[in-house]
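Colleague: let me see the structure of the following:
(one chain, ligands or ions: 1)
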Amino acid sequence: MPPPDDAMHDVLQQERTYHDRCRAALAAMVDGADRQVRTGEDVSASGADAEVLGHGLRSRAKELREMPAGPLFFGRMEFAPEAGAAGGHAGQAYHVGRARISGEPTEPPLVVDWRAPVCRAFYQAGPGDPLGLAVRRRFGWAAGSLGDSADLTALEDERLDAGQAGGGRIVAEEIERPRTGPMRDIAATIQPGQDALIRAAPAVSLCVQGAPGTGKTAVGLHRAAYLLYGDGRRGGSLLVLGPDRGFLDHIAEVLPSLGETGVRQTTVEEEIARHPVTAEDGRRTTAVKHDPRMAEVLRRALWTRVRPERATPLVVPDGARRLRVGAEPIARIAAGVRAGEPLYDVGRERVAERVAALVRAEAERGCGPRTDGWTRRIARSRTVAAALREVWPRATPEEVLAELLSGPALLAEAARGVLSQAEQAVLVRAGAPRQARGARWSGADLVLLDEVAGLIERPAGYRHIVVDEAQDLSPMQCRAVARRAAHGSLTVLGDLAQGTTPWAAADWPGLLAHLGREEAVVTRLTEGFRLPAAVAELANRLLPELGVDLEPVRSPRGGGEVRVERVATPVTSVLAAVTAALRRPGSVGVIAAAPAAARLRELLTAAGHTLARPGGTQGRVTVLPASAAKGLEYDHVIVVEPAEIVRAEPRGLHRLYVVLTRAVSRLHVLHAEPLPEALAGAVSAEG
Ligand SMILES: Nc1ncnc2c1ncn2[C@@H]1O[C@H](COP(=O)(O)OP(=O)(O)OP(=O)(O)O)[C@@H](O)[C@H]1O
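Modeller: This is a model prediction of the structure:
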């Protein structure tokens, strides 16, 4: 950044003073909120109202107190004075920050929340369409600033009213900054295409196919924050799903830094886990269990439990009388309810109610009316429960699945015309207990249990689910996600080129159908914010080999370095490579096939390095197996023996593509074996 001239110096000084004012106003807001909590506690209202009010006030006070330390604004917009061009904002100026700060209640806020509708102009305006803006200002703060006004060191104005396109230095510096620690929010530098996705209407489900580093994860998390803003912060109703713990740790700070702490962030496996995983399936068994045809098999297995033909006459004692209902009407009721295929438990209740209504009709014949309460008691009586046990027995997912997997006859019936004999054979588990109690479950079984559970009763749902790395979800996992968003919307993020699971999606329409969101529009992002041109060029060489119809990632960034080095023993060469990498700023990721990664961890620890966990916050060097690299990024990436990474799994080339695209600045490939063909001939490069 060039040193500021005098005029710039004055403007900077004014902005620092303004920042001081915002800081004071924020302190007053915190005091005010605390005072309201105390007053609220003294006010006597009805118990329930006081509770709700008190909770709201306490949450607001806590939220303000816990606002992350940092600069209070990152941008400013000045609307043109002509009315019309700027909607209701003509002639107004607003600072833009991560949270709203207000001074006097009668005056406009000192800082507007980046999610407020007025801020659309801040992110979307361009010289072609300034959206009413005369000037857009971006602020440059010292790296890691905790919000001291003196840390405001630069600003950059774009005169949109004069058709001036921004120099974008501050944005470029933010994008290229060396990475340390976990992922950060991008509220200050959201790009127009990203903003359009983030601000899409809440009910709209989106699908984003984005090349590596195009900001999919960032978009998903900011969309979550945007939806919470419009929704009075009902955080519990929002779910973020990611591939593994390392990734979740990597993204853990983003939503809190935007002031949103109540969002559940987990993996699909953890979200659906009814039991710990204590069994393992073979590859073929796993494949069949994740196949969408299993949904039909399970549906049939559950419904074979309903047996209208087993109905027996019902006799209900009623004082001195015996009320009788014949087997046939009960069978008819059960068959009728089954035909509508409601949720299993709902159906069961419906049958009980209808049978009770028959009993009531019988009771009322000649003996006067009965109340609804009486009928409800009958519906829940032991006699009716006993009749139900025959025609519509209670079911748990565990019973249904245990019986299916241990009973070839039942399986044959449920899978007829759906699964081949061979597929059925791999499902039947040798020695599996016929009963749910004591059964051991594999990861794939948990997906099946979730499917059955969803047929029995409705799972707790979310208003919105952000699914990251969605290309890796199996059809059955997609169904589990869809069930939880039955009344909500989805943000589906992924990259077909990075699919590494056996069932990785080949196209988006297929996956969206399993997610129940055929209508979602697929937006393609190809501009990479992570990769410098030299790294992108190397990774793009793999793309034609990955069996996907995608454009290569484009990088607007120079400054990257690629070094491809043939060495005698890559593992031992890593020590020197790490030492060299540590001379430059930023994080270092060493990525290798799992066995080599384990050896490297020992080697580097013995050499005195303190290693960080994947996605962790401590330490500059992380050693990770290729399987744990998804979604992560490091300034300097050292890839050890690509051929071994490719060999380690069926979709090894896709894995290598993931690994090569983790580098923000420098990529160092160490190999002894020949490189995979697509990379052969790759030479060291500087972008
Ligand atoms: N508008 C932006 N301003 C600054 N940084 C950005 C912007 N968009 C994305 N980034 C940064 O680029 C990097 C890559 O973003 P992100 O992880 O969201 O990409 P991705 O598409 O999910 O990548 P992958 O598929 O490889 O996991 C992150 O460090 C993110 O903070």
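Colleague: all contacts plus neighbour counts: C-alpha atoms, from now on.
Modeller: OK.
Colleague: need phi/psi at residue 649.
Modeller: Geometry field for residue 649 lists phi and psi as phi -160, psi 160, criterion degrees, to the nearest 10.
Colleague: count the neighbours of it for me.
Modeller: Under the neighbour criterion other C-alpha atoms under 10 Å, residue 649 is assigned a count of 16.
Colleague: likewise for the one 3 residues further on?
Modeller: Per other C-alpha under 10 Å, the neighbour tally for residue 652 reads 20.
Colleague: I figured it was touching residue 646, is that so?
Modeller: Yes - judged on C-alpha atoms under 8 Å, residue 652 makes contact with residue 646 at a distance of 3.8 Å.
Colleague: what pLDDT does the model give residue 128?
Modeller: In the prediction, the pLDDT value recorded for residue 128 is 85.
Colleague: show me the contacts for it.
Modeller: Taking C-alpha atoms under 8 Å, 6 or more residues apart in numbering as the criterion, residue 128 is in contact with residue 163.
Colleague: in three-state terms, label it for me.
Modeller: Reduced to three states with DSSP: H, G, I helix; E, B strand; the rest coil, the structure at residue 128 is coil.
Colleague: burial count for the residue of the stretch 301-450 of the chain found nearest the ligand?
Modeller: Of all residues in the stretch 301-450 of the chain, residue 443 sits closest to the ligand, with a separation of 24.2 Å (C-alpha to the nearest ligand atom). Applying the criterion other C-alpha under 10 Å, we find 19 residues in the vicinity of residue 443.
Colleague: dihedrals phi and psi, it?
Modeller: As for residue 443, its main-chain torsions (degrees, to the nearest 10) stand at phi -60, psi -40.
Colleague: with residue 96 instead?
Modeller: Given degrees, to the nearest 10, the pair of backbone angles that residue 96 has is phi -120, psi 130.
Colleague: mind listing the residues bridging to it?
Modeller: According to DSSP bridges, the partner residues bridging residue 96 are residue 75, residue 112.
Colleague: now it: how far from the ligand?
Modeller: Here the criterion is C-alpha to the nearest ligand atom, to the nearest Å. By it, residue 96 lies 16 Å from the ligand.
Colleague: what about that residue, how many neighbours?
Modeller: Neighbour count of residue 96, defined by other C-alpha under 10 Å: 28.
Colleague: residue 228 now?
Modeller: Here the count is done by other C-alpha under 10 Å, and residue 228 has 22 residues near it.
Colleague: so what's it scoring on pLDDT?
Modeller: According to the model, residue 228 scores 92 on pLDDT.
Colleague: for it, identify the helix or strand it belongs to.
Modeller: With elements delineated by DSSP states H and E, residue 228 resides in helix 216-229, which encompasses its position.
Colleague: which secondary structure elements does that helix contact?
Modeller: Of the remaining helices and strands, those touching helix 216-229 by 3 or more C-alpha pairs under 8 Å, 6 or more residues apart in numbering; DSSP states H and E are helix 192-198, helix 254-257, strand 464-467, strand 489-494.
Colleague: helices or strands up against the second one?
Modeller: Contacting helix 254-257 under the criterion 3+ C-alpha pairs under 8 Å, 6+ apart are the following elements: helix 216-229.
Colleague: the helix it packs on: which residues count as buried?
Modeller: The neighbour-count criterion (16 or more other C-alpha atoms under 10 Å) identifies 216-229 as the buried residues of helix 216-229.
Colleague: for the stretch 201-350 of the chain, what lies in contact range of the ligand?
Modeller: When proximity is defined by C-alpha under 6 Å from any ligand atom, the stretch 201-350 of the chain lies next to the ligand at 210, 211, 212, 213, 214, 215, 216, 217, 218.
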